[in-house]
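# sequence? don't have it. structure:
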């Protein structure tokens, strides 16, 4: 298996995910990503309750999106670590090789198709 090919795919996706995470928030000292408040942070103290509710909803959406991206970011980092450790492409359940078509579709896959 050409792990260099998959490493490149993983690194490219990681760049995209990190860019999206930076747009939504920041990486804290523990290496976790946190959403910022967006417009909520610059809202006037005299804003009406409807505007505040809208901004709070926007923050909730930013937070949910950040959590989803954080999960993908972790999967990508884990896959890259497996390449470095020589364990990439091995199912974490069965210990058998992960199908190449599965890795092409999701280079961060941890299991073969039998255990997805």
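Looks like it arrived, so ask away. Bear in mind that the values here come from a model prediction, so they are computed numbers and not experimental data. Numbering: from 1, shown residues only.

# Now tell me what touches stretch 86-104 from outside.
Stretch 86-104 is contacted by residues 1, 3, 6, 79, 82, 109-116 when judged by C-beta atoms under 8 Å, 6 or more residues apart in numbering. Glycine gets a C-beta too; all of them are placed from N, C-alpha and C.

# now the helices: where do they sit in the protein?
3-24, 49-85, 100-105 (DSSP state H).

# tell me the angle of the first one relative to helix 49-85?
Okay, so that is helix 3-24. Note on geometry: by axes from the mean of the first three to the mean of the last three C-alpha atoms, to 10 degrees, helix 3-24 and helix 49-85 are set 160 degrees apart in direction.

# change the start of the numbering to 34 and stick with it
Got it, first residue is 34 now, which makes that one helix 36-57.

# Now find how far off-centre helix 36-57 is within its chain.
Put simply, helix 36-57 sits 9 Å off its chain's centre (C-alpha atoms, centre = their mean, to the nearest Å).

# In it, which residues are buried?
39-40, 42-43, 46-47, 50, 53-54, 57 (16 or more other C-beta atoms under 10 Å).

# May I see the residues you listed organised as TSV, with distance to residue 65 and pLDDT added?
Converted to TSV, those look like this (distance: C-beta to C-beta, whole Å; pLDDT from 0 to 100):
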residue	distance to residue 65	pLDDT
39	25	97
40	24	97
42	24	97
43	20	98
46	19	98
47	16	97
50	14	96
53	15	94
54	10	93
57	13	89
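
# Confidence-wise, which of the helices of the chain is weakest overall?
Note on these: helix 82-118 shows the lowest mean pLDDT, a mean of 89.

# circling back to that earlier point, which one (most neighbours) among the contacts of stretch 119-137?
residue 112 (24 neighbours; other C-beta atoms under 10 Å).

# Next one: it from residue 70, what distance?
For residue 112, the distance to residue 70 equals 32 Å [C-beta to C-beta, to the nearest Å].

# Then residue 64?
According to C-beta to C-beta, residue 64 stands 21 Å off from residue 70.

# The two: who's more crowded?
Using other C-beta under 10 Å, the more surrounded residue of residue 64 and residue 70 is residue 70, with 15 against 10.
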